[in-house]
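In: Give me the fold of what follows.
(one chain, ligands or ions: 1)
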Amino acid sequence: MADRFDLAVIGSGPGGYVAAIRAAQLGRKVAVIEEDRPGGVCLNWGCIPSKALLSGAALVENLRSHGETFGVVAGELRLDYSKVQAHSRKVADRFAKGVMSLFKKNQIEFVAGRGRIAGPTTIEVKGATERTIEADHILLATGSVEWAPPGITVDGERVLTSREALAVTSVPEKIVVIGAGAVGIEFAYVWAMYGAKVTIVEMAPQMLPGADPELAQVLQREFRRKNIEVKVGTRFEELKVNGSGVRVAVSGEKGSAELEADQVLVAIGRRAKSADLGLDAAGVELDPKGFVKVDPALRTTAPTVSAIGDVAGGALLAHKASEEGVAAVEFHAGLKRGPVDPHHIPACIYAEPQVAWIGLTEAEARAKYGDDVKVGRFPFTASGKAVASAHSAGFAKIVAEPKYGQIVGAHLIGAGATELIAELGLAMTLEATTTEVGDTAHAHPTLAEAIKEAALAAEGRGINF
Ligand SMILES: Cc1cc2nc3c(=O)[nH]c(=O)nc-3n(C[C@H](O)[C@H](O)[C@H](O)COP(=O)(O)OP(=O)(O)OC[C@H]3O[C@@H](n4cnc5c(N)ncnc54)[C@H](O)[C@@H]3O)c2cc1C
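Out: As a prediction, the model looks like this:
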């Protein structure tokens, strides 16, 4: 006989596990089906382990570039990448276990195995567990997988995606990174700080395609200063693997070239994990790119099935998955709430300098509100805290609509950017104006003063710049 639940979640990433907990809080009987480790890509093969590596890289850079300034002369640094890699795996393990204890605490049943929809309210589980689960509500939270274009065979030795990259225990001499999005940038930074000669190849005319071009300009300049070669407007053409390494053929405005390296990281995107889930059985439709189609309440085209996180498309970010997880469950429970606003989802890159943005770019705001949009900037070279800590590259930029000065976007690059963006997220949730943020006392000296100053600058009231 099938086990009955109010909610069955397929996938235990930051979308699925958070949704399960919220449903349990609302008194639902919940099962979570997971074919891999609890915590999904984020906790095991994404956000968390990569941030452990990035912390190591930032420490190396601080000692190497700024140690002397602060009278810390460490001599020649001896770097052992296997140690930071081991730390990153340990942190991932700890958080995967943490998800299991949250399930226990909230009386959520964890079902190990691969889930496949067999009908509008039925899931067949195969693998570690063989079980049939019946649930009034099914939540698809199956995430996404690494993608490599045709012609590239990922072998885990010479050719890596982020998954294999998190498992390598040594840094090669030379590496080519294809793609200057978040994943490519973060690995490029880590490996460069641990001694590799890194070349980034990006087809778009700027790093971070789609982000505010001013952010990309500063990032590119800073990466070049760190001896990371950045080739934008450069198309990947072909990859050849031989005994001793890889040859990456690229083309751009300046013609064609072949780059030689020990390894190549393919970081050009991810695909929805929506295949072989039995979606037809429930009447769940996909968009042309394979993402599950959802409405603003995260309902799919099947009345009993919702979808959240990476598999539902939009920004492929953990916090977006979590927000949607809570929203999907609350909508289903009939709670009064609004949809998750994609413009209120911050995006962060955790290399140095850090990059973070939210809402509209300046160009998007001008297209929407006209040329009177208010833009305020504040460079970290004018921030006492940034200069004192020897991290003065970058700026804070705030974009506001012209009528009330309501903040509609913010773009930060520099020290602490990934933490500072939270203030702008809150400002946007509260529909705050540049006057309100500019008139808020910010502790001195803090990096956060840059936010206040950028808000004041948008009104022509900047003090320190
Ligand atoms: C290297 C890297 C770094 C990243 N860093 C960040 C970051 O710093 N910040 C950020 O916000 N985002 C980051 N991301 C993106 C983030 O990891 C994803 O957006 C997030 O994990 C998506 O969450 P999810 O719950 O939708 O899916 P996932 O985390 O992908 O989880 C889906 C789960 O479903 C399981 N599953 C799939 N199909 C089935 C099935 N049929 N049966 C049972 N189980 C199934 C999978 O095994 C997986 O555990 C990073 C990604 C990568 C690759």
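
In: show me where pLDDT drops low in the protein?
Out: 1 (pLDDT under 70).

In: Which residue ranges of it form helices?
Out: In the chain, the helices defined using DSSP state H lie at 16-25, 40-45, 47-61, 81-105, 162-165, 182-193, 213-225, 279-282, 318-332, 362-369, 384-388, 417-429, 434-438, 449-458.

In: now the fourth one and helix 182-193, what's the angle there?
Out: Here helix 81-105 runs at an angle of 140 degrees relative to helix 182-193 (axes from the mean of the first three to the mean of the last three CA atoms, to 10 degrees).

In: Which elements pack onto helix 81-105?
Out: Applying 3 or more CB pairs under 8 Å, 6 or more residues apart in numbering; DSSP states H and E, one finds that helix 81-105 makes contact with helix 16-25, helix 40-45, helix 47-61, strand 109-112. Any C-beta I mention is one placed from the backbone N, CA and C, and that applies to glycine too.

In: between these, which gets nearest to Ala182?
Out: helix 47-61 (9.3 Å; CB to CB).

In: and the closest one with helix 417-429, angle?
Out: 130 degrees.

In: Can you spell out which helices and strands pack onto helix 47-61?
Out: helix 81-105, helix 182-193.

In: okay, those helices, which one's buried deepest?
Out: helix 182-193 (a mean of 25; mean count of other CB atoms under 10 Å).

In: residues in contact with it?
Out: 50, 53-54, 56-58, 60-61, 64, 162, 165, 171-172, 175, 177-178, 198, 200, 202, 207-208, 219, 223, 226-228, 265, 267-268, 347-352 (CB atoms under 8 Å, 6 or more residues apart in numbering).

In: sorry, back to before: quick one, which of the helices and strands packed on helix 81-105 gets closest to the ligand.
Out: Among the helices and strands packed on helix 81-105, the nearest to the ligand by CB to the nearest ligand atom is helix 40-45 (2.5 Å).

In: I'd like to know which elements that closest one is packed against.
Out: Counting contacts by 3+ CB pairs under 8 Å, 6+ apart, helix 40-45 is packed against helix 81-105.

In: quick one: the nearest residue to Val73 once chain neighbours are set aside from the ligand, how far?
Out: Spatial nearest neighbour of Val73, excluding adjacent residues (CB to CB, 6 or more residues apart in numbering): Gly67 at 6.2 Å. Gly67 sits 27 Å away from the ligand, going by CB to the nearest ligand atom, to the nearest Å.

In: burial of Gly67, as a residue count?
Out: Close neighbours of Gly67, defined as other CB atoms under 10 Å, add up to 16.

In: and of the helices and strands packed on helix 47-61, who's closest to the ligand?
Out: When the helices and strands packed on helix 47-61 are compared (using CB to the nearest ligand atom), the closest one is helix 182-193, at 4.8 Å.

In: got the angle for that closest one vs helix 213-225?
Out: 20 degrees.

In: Run through the residues that contact the residue in the stretch 301-450 of the chain that the ligand sits nearest to.
Out: Closest approach of the stretch 301-450 of the chain to the ligand (CB to the nearest ligand atom) occurs at Gly309, with a separation of 2.2 Å. Gly309 sits next to 11, 13-16, 141, 143, 320-321, 324-325 when contact means CB under 8 Å, 6+ apart.

In: can you rerun that using 6 Å?
Out: Going by CB atoms under 6 Å, 6 or more residues apart in numbering, Gly309 touches 15, 141, 321.

In: Report the entries of the residues you listed that also contact the ligand.
Out: 15, 141, 321 (CB under 6 Å from any ligand atom).

In: which of the residues you listed tops the neighbour count?
Out: Gly15 (34 neighbours).

In: thinking it is in contact with Gly325, fair?
Out: Yes. Between Gly15 and Gly325 a contact is recorded at 4.6 Å, counting by CB atoms under 6 Å.

In: Quick check: neighbours shared by these two?
Out: Ile308.

In: so what's Ala118 closest to, chain neighbours aside?
Out: Glu124 is the one closest to Ala118 (CB to CB, 6+ apart), at 4.7 Å.

In: Ok, Glu423 next?
Out: Per CB to CB, 6+ apart, closest to Glu423 is Ile451, 5.4 Å.

In: Give me every residue in the chain that's in contact range of the ligand.
Out: Counting by CB under 6 Å from any ligand atom, the residues of the chain near the ligand are 10-16, 33-36, 40-42, 46-47, 50, 114-115, 141-144, 162, 183, 273, 277, 309-310, 316-319, 321, 350.

In: chain center to stretch 331-347, what's the gap?
Out: Relative to its parent chain, stretch 331-347 has a centroid offset of 19 Å by CA atoms, centre = their mean, to the nearest Å.

In: Can you mark which positions in it are buried?
Out: In terms of neighbour count (16 or more other CB atoms under 10 Å), stretch 331-347 has its buried residues at 331-333, 340, 345-347.
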